[in-house]
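J.: Give me a model of this one.
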Amino acid sequence: MNLYKREKYLKKIRPFYDAYDLIKVISGVRRCGKSSLMEMIADELKARGIKDENIIYIDLDSRPYHKIKTADALENLIDSKLQDNRVYYLFIDEVQNVKGFEEVLNGFRTDGRLSIFITGSNSYMLSGELVTKLTGRYIEFEVYTLSFEEYVHMKEFYHKEINPNLLIELNQYILEGGFPRTIQIDEISAKKTYVNEVVREIFEKDIRRRVKIKDTAGFETVRNFIINNFGSTTSINSLYKALVKTGIAIGRNTITRYIQTLIDAKILYECNRFDMKSKRALSGEKKYYLADLSFYFVLNTDNRINFGPTLENIIYFYAKSLDYAVSVGRIGKLECDFILRDKELNYSYVQTAYTIALSKETEEREYRALEGIRDNYKKYIVTTDYLLQKRNGIEHVNIMDFMLREEKF
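T.: From the prediction side, this is the model:
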C-alpha cells in the first residue's frame, strides 16, 4: 500500500540520513506512525539509489524477532546481516524491547558504516543508559498522532470522503482522534474498537510491563481524573484534595509517580505555566494535554465536545509538531493560553476559543489578555469563526484554515 508521506517530519530527518555518527531516535506514542515513517525513509533511500541489501529493517515486535530480548542476541542478529564493508542503513522498531540495546548501538555507531534509525514508544528508551552513554551522539525526532491538516490530507490521499463543511470535519477528527490507521476504517464503531485496542496495548506494554503499580484501582482513578480534566490548570496538591473529597486516599508522592508514569508512556504531555511579569515558571501549576483526543472519548461514554480544552489540545500539538517550545502564560489575573518560542527564540502568543462572534464578553476577555502583553511579538486569537476581525494588531484566524495552510505562528 502507498504510504501518505508525513512531510513535516521527513523534512526534519532528511539532513541526517547519512549522519553515521548520530543515532536517529524516532519517538512517540504507540501507533502514531513511527514505523511507517521509517518505511518512508527507507523508500526515499531506495529512490536515491541505495540497494535493498544495504537496508536492514528489524521490527522487534514482529514474530520473527520478538524473542530478541538481550543485547547479545541483538548484536548477533545485526552482525548476521552485515556481509562486507559496505555502508548500511539500520532500522530497528521498538528498540526498548531489548535490555541493554544502548551498548550494542553505540558499538555499531562507532564503526562508521551504519546509519542507525530506532523507534520507541515511551520515555524509558531515552532514560538511563541511552542518555548517559550516548549524550551528543543521538538526535530525537518526536512524532505525534495526525494533526487536523494531516488528517484531512491523509483522507484525500486515500480517497476518503471529506465533508465540505470543515467544522463538521473538525468535529469528526476530535471524536475519532488522529491515529493514522483509523483513516482506513470507515465505520465509526470499528474506529472506536481499534482505538480501544490501542489504548489497551499502551497500558499493557508501556505501563504494566514496565512499572510496578500495586494499587491498580488507585492508578486508574488518577489516570481517569487527569484525562477527564485535560487542559485544566492542575497541581499535585489540588488533585490530592479533590481525591480526598471523593473518599480516595492516595498520597501526594504516589500521585506524582502515577502522573509521571502517564507522561513516560507518552499518554500525557505536561505544559508548564509561566508568569510574564516576573518572567518565572510557576512551580507546581501545570496543564496536561492528551497525546490523542481519542483517549478521552474512549474512556468516557459522553461524546459531547468541550471545545475549550479540545481546541487547546489541538493547537498544543500543532505547535509542538512545528518545533515550538510551548508554555501557558499568566499576566496578572489574566491568562494567555499559549506562549510559543521558535528555534530562533522568537515568541508568539495564542488565545483559543470556539467563537468570539456570539458574545461581546468573550471577545473582550480573549483580546484583553493579549492586549496586556507589552511587546511586539505576534499575537493570535484562534477560533472556528469565519468572520474574522482585526484589533490592535492581533491576528484573528480560523483554526481549520490556518492549519490546512500549514501556517506558522
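J.: Next one, pLDDT for Thr135 please.
T.: Thr135 carries a pLDDT value of 68.
J.: show me where this structure has strands.
T.: Along the chain, counting by DSSP state E, strands occupy 23-27, 55-59, 88-93, 114-120, 138-142, 233-234, 268-275, 280-290, 325-331, 334-341, 347-352, 378-383, 390-391, 394-398.
J.: right, so those: which one is the most enclosed?
T.: Among the strands of the chain, the stretch with the highest mean neighbour count (mean count of other Cβ atoms under 10 Å) is strand 114-120, at a mean of 24. C-beta coordinates here come from the backbone N, C-alpha and C atoms, glycine included.
J.: Could you list the paired strands of it along with their orientation?
T.: If you go by DSSP bridges, strand 114-120 pairs up with strand 23-27 (parallel), strand 88-93 (parallel).
J.: Relative to Asn313, which of the strands of the chain is closest?
T.: strand 280-290 (4.9 Å; Cβ to Cβ).
J.: could you dump stretch 313-331 to CSV, C-alpha only?
T.: Backbone C-alpha positions of stretch 313-331 (Å, rounded to 0.1, in the frame of the first residue of the first chain) are rendered in CSV as follows:
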residue,chain,number,x,y,z
ASN,A,313,-5.1,20.3,22.8
ILE,A,314,-5.2,20.6,19.0
ILE,A,315,-3.2,23.8,19.0
TYR,A,316,-0.7,22.5,21.6
PHE,A,317,0.3,19.5,19.4
TYR,A,318,0.2,21.5,16.2
ALA,A,319,2.7,23.9,17.7
LYS,A,320,4.8,21.0,19.1
SER,A,321,4.9,19.3,15.7
LEU,A,322,6.4,22.6,14.3
ASP,A,323,9.1,22.5,17.0
TYR,A,324,7.8,25.3,19.1
ALA,A,325,8.5,25.3,22.8
VAL,A,326,5.1,25.7,24.5
SER,A,327,4.1,27.1,27.8
VAL,A,328,1.0,28.7,29.4
GLY,A,329,1.2,32.3,30.3
ARG,A,330,-0.2,34.3,33.2
ILE,A,331,-0.4,38.1,33.0
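J.: pLDDT on that stretch, on average?
T.: Stretch 313-331 comes out with an average pLDDT of 93.
J.: Ile162: neighbour count?
T.: Ile162: 15 surrounding residues under other Cβ atoms under 10 Å.
J.: need the contact list for it.
T.: Taking Cβ atoms under 8 Å, 6 or more residues apart in numbering, we find Ile162 in contact with 152, 155-156, 169.
J.: So the chain: which segments form each domain?
T.: 7-142, 148-297 (automatic domain parsing).
J.: can I get those domains in CSV with distance to Lys378?
T.: Shown next, in CSV, are the domains of the chain (distance: least, Cβ to Cβ, whole Å):
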stretch, distance to Lys378
domain 7-142, 20
domain 148-297, 15
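J.: before we move on, the earlier item: which of the strands of the chain comes out lowest on mean pLDDT?
T.: strand 280-290 - the lowest mean pLDDT of the strands of the chain, at a mean of 80.
J.: Which among the domains of the chain is found nearest to Asp323?
T.: In terms of Cβ to Cβ, the element of these nearest to Asp323 is domain 7-142, at 7.7 Å.
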